Every structure is written in structure tokens, then in C-alpha cells.
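> everything below, folded, please.
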Amino acid sequence: MILEEGKNWYHGSYAIVEKPDLALCMPGKDFGLGFYVTTEAKQAERFIKSSIGKAKKNGYLVGDASNGYLNIYTMTDFKDLEVYEFATADREWLHCVAAHRRSQLFKDEIKKWEKYDIIAGKIADDTTNQVITAYMEGLYGEVGSERADEIAIGLLLPDKLTNQICIRTEKAMNKLSFIDYKEQIINERR
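This is a model prediction of the structure:
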């Protein structure tokens with residue numbers, strides 16, 4: 001179970017993020033627009049380097065910025081929130097991820113998830129991105145077919161994937177408590 005009250009959640013970033021702002025979040029992510037955290041500190045630490053790279057590319061950081069931050073949060077009250085947690089990376093999870101990454105796929109799927117304040121489940125990260133992309137391009141067969149779904153899920157090795165939590169609404173964001181941060185030095189190869 002990913003969503004447990006009082007458990008630490010982590011977010012790797014180029015900045016200290018005491019008060020996340022949904023307006024700054026990017027669309028096209030696995031569970032839709034939202035602020036993403038994980039229960040795995042090491043996973044969040046791996047995202048710091050890409051966060052620094054994106055911030056430099058977008059002009060938020062200049063020069064040799066190589067410090068990042070592991071932001072730590074908790075949520076102690078899920079009352080009055082609509083939450084959904086995928087038990088594993090299964091067919092439903094795959095369709096949710098594909099629909100949010102590419103809105104023309106599974107159009108009804110997006111509507112299905114709109115009511116949720118928080119969605120949690122396995123992460124489709126850099127190690128699985130090629131499989132998800134190939135699936136969405138139809139390389140395993142017709143997208144959404146049983147055969148294509150089975151091939152993609154088999155290649156994803158769902159038991160080895162870590163987790164992600166998408167906080168999708170202000171209602172849920174208001175229940176997120178910032179605890180602390182840890183500065184991280186990122187060694188970049190030149």
C-alpha cells in the first residue's frame with residue numbers, strides 16, 4: 001500500500017518546494033497534471049538531476065547550478081479526498097498512463113480519472129519509457145488490444161517498478177505538509 005497516513009513522501013527538485021503550485025505543474029505525465037511525489041527517497045533523488053537540467057533549459061537556473069533538493073512531505077488526513085491506488089502495473093494502469101501521456105488515446109479514460117484528488121501507483125520512469133512509447137506507437141499491436149497490453153506489461157516488469165503519487169487538486173494539496181528538505185550535490189559529467 002502506497003497511500004498511508006503519516007508516511008514520508010519525497011520530491012526531487014532544483015529548488016526547495018515548501019508550497020507546491022499546481023499552476024507550475026506540467027501536463028502529459030503518467031497520472032495527469034499534478035504534483036508528483038514518491039515514498040522512495042532514492043527515486044526522488046534520481047529526479048533531481050533531470051529537474052536541474054529542465055530548469056536550466058527553461059531559464060530558471062543559469063550557470064553551473066549543481067545543487068538540488070530532496071523535499072520531504074507528509075499527508076496525515078485523506079478524509080474527504082477521492083483517492084485511487086493502482087495495486088500493480090496492470091492493464092488499467094497502462095491505459096491510464098497512455099491516455100494521460102497522449103490525450104488522443106483512450107479518450108474516455110481521461111474522464112474516468114478526473115474525479116480523483118490523488119492517484120498513486122507504479123511509475124513509468126526512464127527505464128520503462130521505451131516500452132510505453134513503443135506501446136503507444138502500436139509496435140506491440142493495436143493499442144488497447146489484449147495482445148499489445150500483455151506484451152507491454154510483461155516487458156515493464158511491474159514487480160520491479162517503484163511508485164509515484166500524483167496530487168491533482170488544490171483540495172488535496174492543502175492537506176500536504178512540508179516537513180523538511182535535504183540539499184543534494186549533483187555531479188554532472190562534462
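> what's the average pLDDT for the longest helix along the chain?
Assignment by DSSP state H gives helix 41-57 as the longest helix of the chain. Average pLDDT, helix 41-57: 89.
> residue ranges of the strands in the chain, please?
For the chain, the strands defined by DSSP state E cover 8-13, 35-37, 67-75, 83-85, 118-122, 163-167, 176-185.
> name the surrounding residues that touch the longest helix of the chain.
8, 10-15, 37-38, 61-62, 65-66, 68-71, 123, 125, 162-163, 184, 186, 188 (C-beta atoms under 8 Å, 6 or more residues apart in numbering). Just so you know, the C-beta spots here come from the backbone N, C-alpha and C atoms, and that holds for glycine as well.
> what is the burial count for residue 102?
Neighbour count for residue 102, taken as other C-beta atoms under 10 Å: 15.
> check contacts around the nearest residue to it once chain neighbours are set aside.
Among residues not flanking residue 102 along the chain, residue 136 sits closest, at 5.4 Å (C-beta to C-beta, 6 or more residues apart in numbering). Contacts for residue 136 (C-beta under 8 Å, 6+ apart) come out as 98, 101, 102, 105, 143.
> so residue 19 sits against residue 177, correct?
No. When contacts are counted by C-beta atoms under 8 Å, residue 19 is not listed as touching residue 177 (10.6 Å).
> so what's residue 190 scoring on pLDDT?
The model reports residue 190 with a pLDDT of 40.
> please apply the same query to residue 96.
Turning to residue 96, the model gives it a pLDDT of 95.
> relative to residue 60, how far out is it?
Taking C-beta to C-beta, to the nearest Å as the measure, residue 96 falls 29 Å from residue 60.
> now a ChimeraX select for only the buried ones of the contacts of helix 41-57.
A single ChimeraX command suffices to select whichever of the contacts of helix 41-57 are buried according to 16 or more other C-beta atoms under 10 Å:
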select :10,11,12,13,14,37,38,61,68,69,70,71,123,162,163,184,186
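> for residue 19 and residue 177, indicate the residue with more neighbours.
Comparing residue 19 with residue 177 by neighbour count (other C-beta under 10 Å), the higher total belongs to residue 177, at 12 against 7.
> check contacts around that one.
73, 74, 75, 76.
> who has more neighbours, residue 96 and residue 60?
Under the neighbour definition other C-beta under 10 Å, residue 96 and residue 60 were set side by side, and residue 96 has more, 23 against 13.
> ok, the more buried one - contacts?
Listed by C-beta under 8 Å, 6+ apart, the contact set of residue 96 reads 30, 31, 86, 109, 112, 113, 119, 121.
> show the buried residues in those.
Buried among the contacts of residue 96 (16+ other C-beta under 10 Å): 30, 31, 86, 109, 113, 119, 121.
> I'd like those residues laid out as a markdown table, including pLDDT and distance to residue 131.
Formatted as a markdown table, those follow (pLDDT from 0 to 100; distance: C-beta to C-beta, whole Å):
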| residue | pLDDT | distance to residue 131 |
| --- | --- | --- |
| 30 | 93 | 13 |
| 31 | 96 | 17 |
| 86 | 96 | 17 |
| 109 | 90 | 18 |
| 113 | 95 | 21 |
| 119 | 98 | 20 |
| 121 | 96 | 16 |
